[in-house]
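what shape does this take:
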Amino acid sequence: INAKDQLENLVISNNRKRVIRLKDFAEIAIQESIEYTRINANGHDGVLIAVIKQPNANLISLSSDMGDKITQLQKILPHDVSIKPYYVQADFVNDSIRSVSDCLWIGLLLAIIVAIIFLRSIKASATVLITIPVTLCLSLIVLYGLGYTFNIMTLGAVAAALGLIIDDAIVVVEQIHRTHEEHPREHPLTLVKKAIDYLFPAMVGSSISTIVIFIPFLLMSGVAGAYFKVLTNTMIITLVCSFFVTWIGLPVVYLLLSRHKPNSQKQIKEEEHHVKKQKWVNWFILRPYVSLAIVAGAILAIVIIPPMLETGFLPEMDEGSIVFDYSSPPGTSLDETDRMLHQVEKIIIKEPEVGAYSRRTGTEMGFFITEPNRGDYLIQLKKNRKKTTEDVISDLRQKIAAIFPTSGDHPALRIDFGQVINDMLGDLMTSVQP
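Sure thing, here's the model as predicted:
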């Protein structure tokens, strides 16, 4: 059926005595369809297309490919039709990974400086410096083999494990150095063997005791379990690699940097090593009640302080994007809700920190049915801005509340702000609010 008259002459019944057509008992008219949703992008009616990656896809590569595809599509579209991204998750991921990587390298540099200052030995410091990148390379090879990707959780786990890697290396180097001082005439190979044999049980116990701390996190389920599983597995892999490198690789590096000087025929005078007494340690040993009081205070703090701390799934962070959920009074039509939101958009456009925005009315980002008086805004802020996301949210909230005063107990427009990742997690955990 391609025309109105074809629909009017549609045969409903034919019993060979009479033919009944649709126009015999119904009036056929062409009218506009009822709108249940309305989409707006940067102040104009538009179509929103959400591109969702497959679980095993690379987000950064997908975003780059989509940018190329949009450039190609723009060339064949009419001149008055444009395609603009309103939220690119890859930008946030790139910024986060770059930030974590910078912190990782800065932390590594500071740790190396501290190791050089306190070890006061070029050979020992060089051994530690060589051991760290070897451990990190081995960890990355294992992560690649298991199919892991560079993300906030894996990089954060490596950064957190970096201190433990350096600690393992320093402990082994210090034991070798001490063995050398106790047996100055021994060959370096013999010294290293004695040091490793002496320290091996402690190395195994220390590594296992650190790794078992993370095992309960592997038993977590849900969204929290998905986050902590990646973090925990990366930590365990890095610590295991650190153990094998310090056990097998570090002694080899130390031997390569060592030079064995043959003993002269003259009698080598053993130097006497004096241990400097620490007065403050002696003071605490003679007054055990002070130590007991400090321990009791620490236990009391553990009992009192944790319940007073605020809780949350993720720490506060500046994503550079805002999710703005809204709802007009129940029963408000789609047209009336749209009229109210045009006033809101005048405020959003005047905000200098806003780069782009999109609005959905009658539908939302979450996985639930939405009424015509409900919807959400997705606001993308400019990269180079003077205000934080929370500051922009505060400004928008105050200005919007000023034009929609509360009538009785119910506001004319109920609003709720959040950021994209927290809002998505809330949807996954069936929480309607951001």
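
thought residue 234 was touching residue 153?
Yes - under the criterion of CB atoms under 8 Å, residue 234 is in contact with residue 153, at a separation of 6.9 Å. Every residue, glycine included, has its C-beta placed from N, CA and C.

more neighbours: those two, which one.
Per other CB atoms under 10 Å, whichever of residue 234 and residue 153 has more neighbours is residue 234, with 25 against 21.

right, and the helix or strand after the strand or helix carrying that one?
Counting by DSSP states H and E, the secondary-structure element that holds residue 234 is helix 222-244. Next along the chain after helix 222-244, taking DSSP H and E as the criterion, comes helix 250-256.

who touches that next one?
By CB atoms under 8 Å, 6 or more residues apart in numbering, the residues outside helix 250-256 that reach it are 123, 127, 130-131, 169, 172-173, 176, 188-189, 192, 195-196.

for the residue nearest the centre of the chain, phi and psi?
Among the residues of the chain, residue 152 comes closest to the average C-alpha position under CA atoms, centre = their mean, at 4.3 Å. With angles defined as degrees, to the nearest 10, residue 152 shows backbone torsions of phi -60, psi -40.

hmm, it is touching residue 100, no?
Yes - contact criterion CB under 8 Å: residue 152 and residue 100 qualify, at 6.1 Å.

which parts of the stretch 51-200 of the chain are strands?
According to DSSP state E, counting those that start in this stretch, the stretch 51-200 of the chain carries no segments that qualify as strands.

ranges for the helices of it?
Along the stretch 51-200 of the chain, the stretches classed as helices by DSSP state H, counting those that start in this stretch are 59-76, 89-119, 122-145, 152-182, 188-211.

next SSE after the last one?
Beyond helix 188-211 in the direction of the C-terminus, DSSP H and E gives the next helix or strand as helix 215-218.

and residue 100, how many neighbours?
Using other CB under 10 Å, residue 100 is surrounded by 19 other residues.

what about the closest residue to it other than its chain neighbours, how many residues nearby?
The spatially closest residue to residue 100, leaving aside those adjacent along the chain, is residue 155, at 4.3 Å (CB to CB, 6 or more residues apart in numbering). Other residues near residue 155 come to 18 when the count uses other CB under 10 Å.

ok, residue 155 - contacts?
97, 100-101, 104.

out of these, which is most surrounded?
Neighbour tally across the contacts of residue 155 (other CB under 10 Å): the maximum, 19 neighbours, falls on residue 100.

for that one, give its distance to residue 381.
Separation of residue 100 from residue 381 (CB to CB, to the nearest Å): 21 Å.

so who does the residue nearest to residue 94 when sequence neighbours are not counted touch?
Residue nearest to residue 94 in three dimensions, not counting chain neighbours: residue 60, with 6.7 Å by CB to CB, 6+ apart. When the contact criterion is CB under 8 Å, 6+ apart, the partners of residue 60 are 90, 93-94.

one step back: mind checking which of the contacts of helix 250-256 are buried?
Judged by neighbour count, with 16 or more other CB atoms under 10 Å as the criterion, the buried members of those are 123, 127, 130-131, 169, 172-173, 176, 188, 192, 195-196.

any weak-confidence spans in the stretch 301-434 of the chain?
For the stretch 301-434 of the chain, residues meeting the criterion pLDDT under 70 lie at 312-316, 365-369, 406-411, 421-434.

which residues of it fall in strands?
Assigned by DSSP E, counting those that start in this stretch, the strands in the stretch 301-434 of the chain fall at 321-327, 354-361, 374-381, 406-407, 410-411, 414-418.

where in the stretch 51-200 of the chain is pLDDT low?
Along the stretch 51-200 of the chain, the model assigns pLDDT under 70 to no residue.

go again using 90 as the cut-off
Low-confidence segments of the stretch 51-200 of the chain, defined by pLDDT under 90: 51-137, 140, 143-200.

compare the contacts of residue 60 and tell me which is most surrounded.
The member of the contacts of residue 60 surrounded by the most neighbours (other CB under 10 Å) is residue 90, with 18 neighbours in all.

gap between that one and residue 214?
Going from residue 90 to residue 214 by CB to CB gives 29 Å.

residue 1 and residue 22 touch, don't they?
No - here residue 1 does not reach residue 22: they are 10.3 Å apart, not a contact under CB under 8 Å.

any common contacting residues for the two?
Listed contacts common to residue 1 and residue 22 are 7, 10; contacts here mean CB under 8 Å, 6+ apart.

looking at the two, which one has more neighbours?
Ranked by neighbour count (other CB under 10 Å), residue 1 and residue 22 place residue 22 first, with 15 against 9.

and the residue nearest to the more buried one when sequence neighbours are not counted, what does it touch?
The spatially closest residue to residue 22, leaving aside those adjacent along the chain, is residue 10, at 4.5 Å (CB to CB, 6+ apart). Taking CB under 8 Å, 6+ apart as the criterion, residue 10 is in contact with 1, 21-22.

between those, which is nearest residue 67?
Proximity of the contacts of residue 10 to residue 67 was ranked by CB to CB; the top entry is residue 1 with 42.6 Å.
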